[in-house]
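Trainee: Fold the following, please.
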Amino acid sequence: MATSSPVRHAWRVLMGLLLVTGVLFGINALGVHVFKDSNGEAASSWSPELALDLQGGTQIVLSAETEDGAAPSSEQLDQAASIIRQRVDASGVAEADITTEGGRNIVVQIPGVADEQTRARIQSSAQLEFRPVLATTAGTNQYVGEDGNETPYPTPDDSLNATPTVEPTDASDLAWVTDRLAAEFQAYDCANPENDPSNAPQDEPLIACDPTGQAKYLLGPTELTGDAITDATAGRDPQSGAWNVQLTMNGDGAEAFGEVSTRLNQNRLAELSPRDQFAFVLDGSVISAPRMNGQILDGRPSISGDFDQESATALADQLKFGALPLSFEVQSSDTISATLGTQQLQIGLIAGLIGLALVAIYSLIVYRALGTVIIASIAVMAVLTYVIICILAWRLGFRLSLAGVAGLIVSIGFTADSFIVYFERIRDELRDGKSITSAVEDGWGRAKRTIYISKSINILAAVVLYILADSTVKGFAFTLGLTTLIDVFIFVIFTHPVMQLLARTKFFGGGHKLSGLDPESLGAVYRSRSQFRQVSTVTAGRGAKNSRAKGEAERRQTIAERKRAEALAGDRSSRTGSEGDA
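Mentor: A predicted model of the protein is given here:
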């Protein structure tokens with residue numbers, strides 16, 4: 001029973017690997033055959049998505065223009081580029097490259113062909129709006145019925161009234177909320193919005209969500225735009241010490257905000273929540289919706305809340321620079337060729353194949369048939385890596401760049417290192433006179449600690465590189481970290497179980513000369529820790545080989561073993577002398 005337990009364990013682990021592989025392929029198959037994207041096409045694919053440098057794509061050059069025609073400052077341009085980057089990311093496009101150029105231009109490079117919706121997002125101006133809150137609730141379109149079950153609100157009926165029956169007196173007036181607008185608000189799902197809030201008319205109500213999609217708001221018409229803000233800074237409240245955001249408005253903005261604050265403060269005193277709130281809307285998203293706590297007539301309001309330094313600074317930047325009345329003129333819109341990237345990819349793949357072939361040849365020469373375990377492990381790793389990259393392209397928008405391909409190629413050598421450490425540990429155990437099955441288990445115990453430590457360092461390096469490096473290098477860091485994790489997984493769930501099974505076969509377990517586990521070829525001359533094989537009575541043709549084996553044994557002896565061997569030799573010499581005297 002004890003000898004068969006590792007075999008059962010090995011088969012269970014290999015069946016688990018087969019199950020994991022099947023689940024991964026099943027997940028990607030759902031994306032290929034069941035789920036659809038916004039264009040009605042398959043959400044996933046059986047080939048990885050390629051980045052701009054390999055696939056080619058669209059390059060749009062935008063020229064930023066201010067109202068007075070002056071060139072924007074570098075801070076303004078950088079913030080505009082940041083806003084455009086957020087827009088592109090929100091549209092689901094990954095591996096986009098967005099840079100500033102020449103003090104006025106923003107260059108946007110997108111993999112593949114940019115659709116009209118993405119182009120509209122990129123080209124629209126970054127305008128901040130102040131809108132009063134009419135209603136707010138959770139970001140889904142679900143409600144709980146009398147039976148306690150969640151049910152989606154129905155799609156609004158076209159027959160519902162869409163025009164206010166009474167002329168609204170101000171932007172906070174509930175007369176704006178028609179029957180149809182109320183039904184649309186209830187049925188609105190932040191995860192699947194029906195409208196495009198970023199292009200909504202300023203003189204009409206708006207349904208919008210916060211960036212997390214956890215809360216949705218029904219907002220009144222725009223009362224101020226971002227050009228009313230002249231400055232926004234993050235600081236600490238002198239009394240409480242809490243972080244807040246302090247705004248400074250121009251003359252017209254201060255006057256208009258004074259009227260708004262007076263009305264919202266009256267709503268607060270009348271306990272008309274949430275109509276005492278006003279929302280900062282940027283690109284159709286509610287970045288903040290503070291509650292009015294008083295009448296502010298000096299044009300210097302402050303926003304308090306659960307802020308730390310980072311979140312307060314981020315909001316201040318959005319209000320300060322997102323408020324810029326920048327417009328963008330398209331200088332050019334061109335298709336980028338992937339010819340250079342394709343050539344580099346071909347060269348990289350050839351280099352990878354050459355490296356893989358060299359690893360295979362080296363493994364077979366040094367480890368003989370044992371080298372096939374290395375080749376099989378790398379093949380299993382390649383399959384898992386491929387399907388995981390396909391799934392990441394679907395779920396996270398990951399695109400494989402040339403730097404990412406380099407990370408995959410480098411991982412071949414790192415993967416081979418794990419197996420070499422393991423096999424050398426097994427050989428060390430064989431040289432100590434252990435059986436092959438014992439050597440596999442003891443070698444595993446000694447090798448895995450070394451491998452875990454080395455792989456942890458590799459993962460740490462990949463994480464630091466991904467965080468600190470330029471976007472062009474992030475693909476390398478990501479694939480290197482991913483393959484390192486898969487390498488450890490394969491080492492545990494494939495390589496060791498396979499070795500447990502092979503050690504019990506006649507070819508490997510019997511120490512065949514071509515197996516790579518032949519004790520005699522490895523210099524395993526110990527019978528035990530205190531005695532090595534006698535080689536003096538062998539044929540002359542094998543004398544040199546046995547002499548080397550004995551020398552290997554003597555070199556591997558510890559001080560205690562050498563002293564014991566000398567003592568035993570002395571005892572034998574004494575007994576021989578006594579017999580001669582007799």
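Trainee: Find the residue at the geometric middle of this structure.
Mentor: Closest to where the C-alpha atoms of the chain average out (CA atoms, centre = their mean) is residue 478, at 7.1 Å.
Trainee: Show me what secondary structure element comes after the top helix by length along the chain.
Mentor: Counting residues, the longest helix found in the chain (DSSP state H) is helix 436-468. Using DSSP states H and E, the next helix or strand after helix 436-468 towards the C-terminus is helix 471-490.
Trainee: and that next one, how far from the chain's centre?
Mentor: Counting by CA atoms, centre = their mean, to the nearest Å, helix 471-490 is centred 10 Å from the centre of its parent chain.
Trainee: Strands of the stretch 1-150 of the chain, start to end?
Mentor: 57-65, 97-101, 105-111, 128-138, 142-144, 150-152 (DSSP state E, counting those that start in this stretch).
Trainee: quick one, the first one and strand 97-101 angle?
Mentor: I take that to be strand 57-65. Angle of strand 57-65 versus strand 97-101, following axes from the mean of the first three to the mean of the last three CA atoms, to 10 degrees, is 40 degrees.
Trainee: buried residues in strand 57-65?
Mentor: By 16 or more other CB atoms under 10 Å, the buried positions in strand 57-65 come out as 57-62, 64-65. C-beta: built from backbone N, CA, C; applies to glycine.
Trainee: Name every strand pairing with that strand and say which way it goes.
Mentor: Strand 57-65 has its sheet partners listed here by DSSP bridges as strand 105-111 (antiparallel), strand 327-336 (antiparallel).
Trainee: looking at those, which is closest to residue 153?
Mentor: With CB to CB as the measure, strand 105-111 is the member of those nearest residue 153 (35.5 Å).
Trainee: Identify the residues contacting that closest one?
Mentor: Strand 105-111 is touched from outside by 49-52, 55-64, 77, 80-81, 84, 88, 93-101, 118, 122, 328, 331, 336, 399, with contacts defined as CB atoms under 8 Å, 6 or more residues apart in numbering.
Trainee: which of those are buried?
Mentor: Among the contacts of strand 105-111, those classed as buried by 16+ other CB under 10 Å are 49-52, 55-62, 64, 77, 80-81, 84, 88, 93-98, 100, 118, 122, 328, 336, 399.
Trainee: quick one, strands of the stretch 301-450 of the chain?
Mentor: For the stretch 301-450 of the chain, the strands defined by DSSP E, counting those that start in this stretch occupy 302-304, 327-336.
Trainee: Residue 73 versus residue 292, what's the distance?
Mentor: Distance, residue 292 to residue 73, using CB to CB, to the nearest Å: 32 Å.
Trainee: Compare the two (neighbour count), which wins?
Mentor: The neighbour comparison of residue 292 against residue 73 (other CB atoms under 10 Å) goes to residue 292, with 21 against 13.
Trainee: tell me the contacts of that one?
Mentor: When contacts are counted by CB under 8 Å, 6+ apart, residue 292 touches 261, 264-265, 267-268, 276-278.
Trainee: do that again at 10 Å, thanks
Mentor: With contacts defined as CB atoms under 10 Å, 6 or more residues apart in numbering, residue 292 is in contact with 132, 260-268, 275-278, 301.
Trainee: Among these, name the ones in helices.
Mentor: Short answer: the contacts of residue 292 in helices (DSSP H) are 260-268.
Trainee: In a markdown table: those residues, plus pLDDT.
Mentor: Output for those, formatted as a markdown table (pLDDT from 0 to 100):
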| residue | pLDDT |
| --- | --- |
| 260 | 92 |
| 261 | 92 |
| 262 | 93 |
| 263 | 93 |
| 264 | 93 |
| 265 | 91 |
| 266 | 93 |
| 267 | 90 |
| 268 | 90 |
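Trainee: By neighbour count, which of the residues you listed wins?
Mentor: residue 264 (25 neighbours).
Trainee: Give me the nearest residue to that one, chain neighbours excluded.
Mentor: In this structure, residue 264 finds its nearest non-sequential neighbour in residue 292, 3.7 Å apart by CB to CB, 6 or more residues apart in numbering.
Trainee: Residue 401 versus that neighbour, what's the distance?
Mentor: Applying CB to CB, the value for residue 292 to residue 401 is 48 Å.
Trainee: Repeat that for residue 272.
Mentor: For residue 272, the distance to residue 401 equals 53 Å [CB to CB].
Trainee: neighbour count winner among these two?
Mentor: Between residue 272 and residue 401, counted using other CB under 10 Å, the more crowded position is residue 401 (27 against 13).
Trainee: surely the more buried one meets residue 52?
Mentor: Yes. Between residue 401 and residue 52 a contact is recorded at 7.5 Å, counting by CB atoms under 10 Å.
Trainee: coming back round to it: could you redo the strands of the stretch 1-150 of the chain as CSV and give each row mean pLDDT and distance to residue 445?
Mentor: Putting the strands of the stretch 1-150 of the chain into CSV (pLDDT from 0 to 100; distance: least, CB to CB, whole Å) gives the following:
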stretch, mean pLDDT, distance to residue 445
strand 57-65, 83, 51
strand 97-101, 83, 48
strand 105-111, 85, 47
strand 128-138, 91, 53
strand 142-144, 73, 53
strand 150-152, 79, 52
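Trainee: picking that back up, which one of the contacts of residue 292 sits closest to residue 385?
Mentor: Using CB to CB, residue 277 is the member of those that lies nearest residue 385, at 49.0 Å.
Trainee: Excluding chain neighbours, what is closest to the closest one?
Mentor: Closest residue in space to residue 277, ignoring its immediate chain neighbours: residue 133 at 3.9 Å, by CB to CB, 6+ apart.
Trainee: low pLDDT regions in the stretch 101-250 of the chain?
Mentor: The stretch 101-250 of the chain contains residues with pLDDT under 70 at 117, 120-121, 123-126, 145-148, 196, 198-199.
Trainee: Please, where are all the helices along it?
Mentor: Ranges of helices in the stretch 101-250 of the chain, per DSSP state H, counting those that start in this stretch, are 116-123, 179-187.
Trainee: Make TSV out of these and add distance to residue 371.
Mentor: Below are the helices of the stretch 101-250 of the chain laid out as TSV (distance: least, CB to CB, whole Å):
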stretch	distance to residue 371
helix 116-123	50
helix 179-187	63
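Trainee: Residue 390 is nearest to which of these?
Mentor: Nearest to residue 390, of these and by CB to CB, is helix 116-123 at 22.8 Å.
Trainee: From residue 235, how far out is residue 243?
Mentor: 7 Å.
Trainee: And those two? Which one has more around it.
Mentor: The residue with more neighbours, out of residue 243 and residue 235, is residue 243; 21 against 14, by other CB under 10 Å.
Trainee: Quickly list what that one is bridged to.
Mentor: So, taking DSSP bridges as the rule, residue 243 has residue 236 as bridge partners.
Trainee: Is it in contact with residue 234, as I believe?
Mentor: Yes. Contact criterion CB under 10 Å: residue 243 and residue 234 qualify, at 6.4 Å.
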